[in-house]
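Colleague: output the structure for:
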Amino acid sequence: MKVVELFDMNQDSMNNLQTSWLSYFVSFFTYWFHMSPLAMGLVDGDELELEYKINQLKKELIQIAKETGLNSPDTIYCSQQLDQLITLYQKGKYGDGSLSSLQ
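Modeller: Below you'll find the model as predicted:
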C-alpha cells in the first residue's frame, strides 16, 4: 500500500488536488458573497456616502409619512427620491461599479 503525503506539494497528484480545491473555494466564496476575497477590506467612499444619504432619507420619509399621511404628495415625492438613491446604490454595487451619477 502506497502512503500519500497530503501536504507534499512535490507530488503531481497532490499539487493538482490542492490547486483545484483552492480554486473551487475562491470561486465559491466569490459567488456566494458577491465579492472578491482579496478586496474585502476595500470600501468605496462614494458607496458609504450614498448609504448615509439613503439612511437619512429613510428617516425623513418616515417622519413625513407620520405627519402628512402615506398618500400625501410630500410622502410620495420623498419615496420617489429614496427609490432613485436605492437604484443608484444597487447599480453601483451590483452593476458596472461606478457611482458617477451621484454628483
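
Colleague: now the element after the worst-scoring helix or strand of the chain on mean pLDDT, going C-ward?
Modeller: Taking mean pLDDT, DSSP states H and E as the measure, helix 12-33 is the helix or strand of the chain with the lowest mean score, a mean of 71. Downstream of helix 12-33, the first helix or strand assigned by DSSP states H and E is helix 45-68.

Colleague: identify all contacting residues around that following helix.
Modeller: 72, 74-75, 78-79, 81-82, 85-86, 88-89, 92-93, 99, 102 (Cβ atoms under 8 Å, 6 or more residues apart in numbering). Just so you know, the C-beta spots here come from the backbone N, C-alpha and C atoms, and that holds for glycine as well.

Colleague: one more time with 7 Å, if that's ok
Modeller: With Cβ atoms under 7 Å, 6 or more residues apart in numbering as the test, helix 45-68 has contacts from 74-75, 78-79, 81-82, 85-86, 88-89, 92-93, 99, 102.

Colleague: got the buried residues for it?
Modeller: For helix 45-68, a neighbour-count test (16 or more other Cβ atoms under 10 Å) marks D46, L50, K53, L57, L61, I64, A65 as buried.

Colleague: after that helix, which helix or strand is next?
Modeller: Assigned by DSSP H and E, the successor of helix 45-68 is helix 73-94.

Colleague: between that next one and helix 45-68, how many degrees?
Modeller: Taking axes from the mean of the first three to the mean of the last three Cα atoms, to 10 degrees, helix 73-94 and helix 45-68 form an angle of 160 degrees between their directions.

Colleague: so for helix 73-94, mean pLDDT?
Modeller: Helix 73-94 shows a mean pLDDT of 87.

Colleague: that one - contacts with which helices or strands?
Modeller: When contacts are defined as 3 or more Cβ pairs under 7 Å, 6 or more residues apart in numbering; DSSP states H and E, helix 73-94 sits against helix 45-68.

Colleague: can you show me the CA trace of the helix it packs on as PDB?
Modeller: Output of helix 45-68 as PDB, limited to C-alpha atoms (Å, rounded to 0.1, in the frame of the first residue of the first chain):
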ATOM      1  CA  GLY A  45     -16.100  56.300  -0.300                       C
ATOM      2  CA  ASP A  46     -19.000  57.100  -2.700                       C
ATOM      3  CA  GLU A  47     -20.800  54.000  -1.600                       C
ATOM      4  CA  LEU A  48     -20.500  54.900   2.000                       C
ATOM      5  CA  GLU A  49     -21.800  58.400   1.300                       C
ATOM      6  CA  LEU A  50     -24.700  57.000  -0.700                       C
ATOM      7  CA  GLU A  51     -25.600  54.600   2.100                       C
ATOM      8  CA  TYR A  52     -25.600  57.500   4.500                       C
ATOM      9  CA  LYS A  53     -27.900  59.600   2.200                       C
ATOM     10  CA  ILE A  54     -30.300  56.600   1.900                       C
ATOM     11  CA  ASN A  55     -30.500  56.100   5.600                       C
ATOM     12  CA  GLN A  56     -31.100  59.800   6.200                       C
ATOM     13  CA  LEU A  57     -33.800  59.900   3.500                       C
ATOM     14  CA  LYS A  58     -35.500  56.800   5.100                       C
ATOM     15  CA  LYS A  59     -35.700  58.600   8.400                       C
ATOM     16  CA  GLU A  60     -37.100  61.700   6.700                       C
ATOM     17  CA  LEU A  61     -39.700  59.600   4.800                       C
ATOM     18  CA  ILE A  62     -40.900  58.000   7.900                       C
ATOM     19  CA  GLN A  63     -41.300  61.400   9.600                       C
ATOM     20  CA  ILE A  64     -43.100  62.900   6.600                       C
ATOM     21  CA  ALA A  65     -45.400  59.900   6.400                       C
ATOM     22  CA  LYS A  66     -46.300  60.200  10.100                       C
ATOM     23  CA  GLU A  67     -47.100  63.900   9.800                       C
ATOM     24  CA  THR A  68     -48.800  64.100   6.400                       C
END
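
Colleague: many thanks, have a good one.
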